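1. Pasting the sequence and the predicted model now:
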Amino acid sequence: MSEAALALEAAYVTLLGLLLGSFMNVCIYRLPRGLSPVRPRSGCPKCGHMLAWFENVPIVSYLVLRGRCRMCRTPISPMYPIVEGITGAVFLAGYLWYGPEMPLLLVSRLTFAWALIALFIIDFEHQILPNVITLPGIVVGILFNLLGAGPGWVDSIIGAAAGAGGLYLIAEIYYRVRHEEGLGMGDVKMLGMIGAFLGWKPMVLTLVFAGVAFALAVIGIYGVLAWGVAQRIGEIGVRMALGARAADIGRMILGQGGRLIAIGFVLGTLGAVALGRVLSAQLFGVDAFDPAVLAITLLGLGAAAFVASWLPARRASRVDPMSALREE
């Protein structure tokens with residue numbers, strides 16, 4: 001295939017990612033509310049205006065409308081073009097990685113990536129992982145492997161059972177020890193879906209990498225920010241006494257966390273590349289740089305880093321200004 005044909009095919013795949021990213025936004029909004037993702041067509045949740053086709057063009061419509069409803073001028077969340085852009089970029093990266101030589105594997109990985117991004121955003125916004133994505137995802141993952149897109153249907157079934165069963169066992173032990181739920185069943189089903197698509201070997205590798213990343217993110221970022229909040233109690237008290245809102249204080253601390261996360265991603269990526277090359281012969285025959293493995297690790301790391309930043313920010317936003325000033 002010529003370079004021009006490859007470029008055109010890559011453009012088609014990217015466009016498909018953008019369109020499916022737009023549909024993903026519909027799912028993210030409607031599924032947690034128990035609404036159909038198909039009917040009725042998209043509209044403004046404020047005034048009910050039904051969107052015309054030219055108001056539904058991924059990213060472009062948001063920019064043309066300047067982030068507002070055409071009728072009532074209600075602001076549109078920037079999350080919409082962000083999700084569309086991420087999905088388009090992931091689809092392009094998947095095409096460049098797997099290429100046209102492995103079409104079935106490419107479709108499998110892109111389907112998996114779409115489901116994973118949707119689950120991450122829904123969990124981030126609503127703290128739920130819908131069964132309508134995770135349960136069909138397990139079946140679809142096994143079917144793809146049955147058709148030859150992956151390590152095989154046996155590894156897929158073992159991966160689904162080990163992923164869901166292992167996390168369920170951890171959740172049950174936690175409940176028995178603490179007498180409270182530490183993990184929801186949505187997490188169990190999501191890990192079963194991951195195992196169904198990737199097989200048990202990449203799933204184990206993903207859990208190891210993600211577990212180390214989570215620990216470093218939570219301990220490092222939380223420790224730095226919590227220490228910083230403790231050292232700035234007086235300053236925070238003065239800011240709030242002068243009229244700063246709790247939300248302003250929270251955003252200030254989250255901004256610091258964002259910078260730490262950015263630095264961590266850069267250093268972590270460099271470290272992962274080096275570690276992956278050193279351990280390339282010890283990874284059960286799994287490519288450590290498989291986009292699916294990296295996507296799970298990075299999405300999980302982002303979630304853990306956000307939580308690690310949010311906890312000190314919440315503490316800072318609840319500082320009593322008078323008590324803080326008296327301590328000074």
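-> Yes, it's here.
2. Nearest residue to Phe54 in space, please, no chain neighbours.
-> Nearest non-adjacent residue to Phe54, counting by Cβ to Cβ, 6 or more residues apart in numbering: Ser61, 6.7 Å away. For glycine as for every other residue, the C-beta is placed from the backbone atoms N, C-alpha and C.
3. Give me the neighbour count for the one you found.
-> 20 (other Cβ atoms under 10 Å).
4. Helix or strand for it, just tell me which one.
-> Per DSSP states H and E: Ser61 is located in helix 60-64.
5. buried set for that helix?
-> 61-62 (16 or more other Cβ atoms under 10 Å).
6. and it, what's its mean pLDDT?
-> Averaging pLDDT along helix 60-64 yields 91.
7. who touches that helix?
-> 54-55, 76, 78, 80-81 (Cβ atoms under 8 Å, 6 or more residues apart in numbering).
8. Show only the entries of those residues found in helices.
-> 80-81 (DSSP state H).
9. Present the contacts of helix 60-64 as CSV; the columns should include neighbour count and pLDDT.
-> Converted to CSV, the contacts of helix 60-64 look like this (neighbours: other Cβ atoms under 10 Å; pLDDT from 0 to 100):
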residue, neighbour count, pLDDT
Phe54, 11, 87
Glu55, 20, 86
Ile76, 19, 86
Pro78, 10, 87
Tyr80, 21, 90
Pro81, 21, 91
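10. what's the most distant pair in the contacts of helix 60-64?
-> Using Cβ to Cβ, those span at most 19.7 Å, a distance reached by Phe54 and Pro78.
11. Might you report the residue contacts of the closest residue in space to His126 that isn't next to it in sequence?
-> In space, and not counting its chain neighbours, His126 is closest to Pro32: 4.3 Å by Cβ to Cβ, 6+ apart. Neighbouring residues of Pro32 by Cβ under 8 Å, 6+ apart: 122, 125-126, 128, 130.
12. Columns secondary structure and neighbour count on top of the residues you listed, output as CSV?
-> CSV is the format used below for these (DSSP: H, G, I helix; E, B strand; the rest coil; neighbours: other Cβ atoms under 10 Å):
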residue, secondary structure, neighbour count
Ile122, helix, 21
Glu125, helix, 13
His126, helix, 14
Ile128, coil, 13
Pro130, coil, 19
